[in-house]
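Asks: for reference, the sequence and a predicted model appear below.
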Amino acid sequence: MNVTQRRRSPLWVTMRRRTFLALGATVGAVAGLAGYNSRSGESSPLVPHAPVGDERLERRDSATRGRLVDFYTAVPAGHGDGRGLPVCVVLHGASTTAADFPRLGLGRFLTDAVRRGAPPFVLAGATGDRLAWRPSGGDDPQRMVHEELPRWCAKRGFDISRMALLGWSMGGYGSLLLAEAYPGFARAVAAFSPAVRPGDDVFTAARQLRGVSIGLWCGRQDGLLNEVRALAKALPEPPATMRFEDGRHNFAYWSRCLPAGLDFVARALRH
């Protein structure tokens, strides 16, 4: 079974219209990033002034999860359907799912990165619910990302020989754990405020990250700051990039990290 909500279907047009209206209603001053607007309120994300390319939210039957899941893809504007482009897999945090990615403006962030000079790539992600990207009984979102999501991407013509991972909070933890569980799967991991702690599985298997380009970001007002700093020291190689700036554990901070995170991913996927 493959239930698809195509970009030009009435449902997709409605969703796109709502997303456009929500983003178009953003107000406020620039908060340190030229060309980005913030919704009112400190906890609101910054969204770039860039068009959305081929952005789709589909429903796929996941055998590894035993259910239908939301499958999200975004291609930068001006790059058609993304055929031949490498893939950055996005793992969501506990408070969001892949269905939220259009609302968060991920397609606009992607186009903005390419317009600023990043080599083009696509974003892809699927809903893993709140299982910390770990198996629970017969439900295995980690296997979904490793086995099924690349197949779904390959059917779209994306280049799955070049893949990276990006995630925030629970998704940052899941991205690191996935790279450890399947060495060679990802060239790079961009982890924003990953929900790690000394002694957990990410720390225990940190040696498996040798050869993977790791980027770490965490806000100075985030309760996970000390844990993320400890992880940086536990890695077998120093992080390729690491930034600790003012910010809390919310998407307002992660949206400020996204431009640098996408640039980081683009470099890793270049060749």
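Replies: Yep, that arrived. Remember, predicted model here, so these are calculated numbers, not experimental data.
Asks: give the contact list for the residue lying closest to Asp54 once chain neighbours are set aside.
Replies: Leaving aside its chain neighbours, Asp54 sits nearest to Val75 (4.2 Å; criterion: Cβ to Cβ, 6 or more residues apart in numbering). Backbone N, C-alpha and C define where each C-beta goes, glycine included. Contact partners of Val75, counting by Cβ atoms under 8 Å, 6 or more residues apart in numbering, are Gly53, Asp54, Glu55, Asp81, Gly82, Leu85, Leu110, Val122.
Asks: pLDDT score assigned to Val75?
Replies: At Val75, the pLDDT value in this model is 98.
Asks: and it, how far is that from Asp263?
Replies: 18 Å (Cβ to Cβ, to the nearest Å).
Asks: show me where the stretch 1-150 of the chain has helices.
Replies: 10-24, 101-104, 106-115, 141-143, 149-155 (DSSP state H, counting those that start in this stretch).
Asks: what is the fourth one packed up against?
Replies: With contacts defined as 3 or more Cβ pairs under 8 Å, 6 or more residues apart in numbering; DSSP states H and E, the secondary structure elements packing on helix 141-143 are helix 170-181.
Asks: which strands or helices does the helix it packs on pack on?
Replies: strand 86-91, helix 141-143, strand 159-168, strand 188-192, helix 201-204.
Asks: same list (the ones you listed) but as CSV, adding mean neighbour count and distance to Thr127.
Replies: As requested, the helices and strands packed on helix 170-181 are arranged in CSV below (neighbours: other Cβ atoms under 10 Å; distance: least, Cβ to Cβ, whole Å):
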stretch, mean neighbour count, distance to Thr127
strand 86-91, 27, 10
helix 141-143, 22, 8
strand 159-168, 23, 13
strand 188-192, 29, 19
helix 201-204, 18, 21
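Asks: out of those, which comes closest to Ala118?
Replies: strand 86-91 (10.7 Å; Cβ to Cβ).
Asks: buried sites along the longest helix along the chain?
Replies: Using DSSP state H to define each element, the chain has its longest helix at helix 251-268. If you call a residue buried by 16 or more other Cβ atoms under 10 Å, then helix 251-268 has these buried ones: 251-268.
Asks: what mean pLDDT does that helix have?
Replies: Taken as a whole, helix 251-268 has a mean pLDDT of 97.
Asks: so it versus helix 170-181, what angle?
Replies: When axes from the mean of the first three to the mean of the last three Cα atoms, to 10 degrees is applied, the directions of helix 251-268 and helix 170-181 differ by 30 degrees.
Asks: and helix 251-268, how far out from the chain's middle?
Replies: In terms of Cα atoms, centre = their mean, to the nearest Å, the centre of helix 251-268 is found 9 Å from the chain centre.
Asks: who are the packing partners of that helix?
Replies: Using 3+ Cβ pairs under 8 Å, 6+ apart: helix 251-268 touches strand 46-48, helix 106-115, strand 159-168, strand 188-192, strand 213-219, strand 241-245.
Asks: and the angle from it to strand 188-192?
Replies: Going by the same axes, to 10 degrees, helix 251-268 makes 170 degrees with strand 188-192.
Asks: show me the shaky parts of the stretch 1-150 of the chain.
Replies: Where the stretch 1-150 of the chain drops to pLDDT under 70, the residues are 1-44.
Asks: in the helix or strand hosting Arg229, what's buried?
Replies: Secondary structure from DSSP states H and E places Arg229 in helix 225-234. Using 16+ other Cβ under 10 Å as the test for burial, helix 225-234 gives Leu225, Glu227, Val228, Leu231.
Asks: same deal with stretch 69-82?
Replies: So stretch 69-82, judged by 16+ other Cβ under 10 Å, has buried residues Val69, Asp70, Phe71, Tyr72, Thr73, Ala74, Val75, Pro76, Ala77, His79, Asp81, Gly82.
Asks: ditto for stretch 168-183
Replies: Buried, per 16+ other Cβ under 10 Å, within stretch 168-183: 168-181.
Asks: just stretch 243-253 next, same as before
Replies: Arg243, Gly247, His249, Asn250, Phe251, Ala252, Tyr253.
Asks: who's in contact with the first one?
Replies: For Arg243, the set of contacting residues under the criterion of Cβ under 8 Å, 6+ apart consists of Leu216, Trp217, Cys218, Cys257, Ala260.
Asks: excluding its backbone neighbours, what's nearest the fourth one?
Replies: It stands for Cys257. Closest to Cys257 by Cβ to Cβ, 6+ apart is Trp217, at 4.4 Å.
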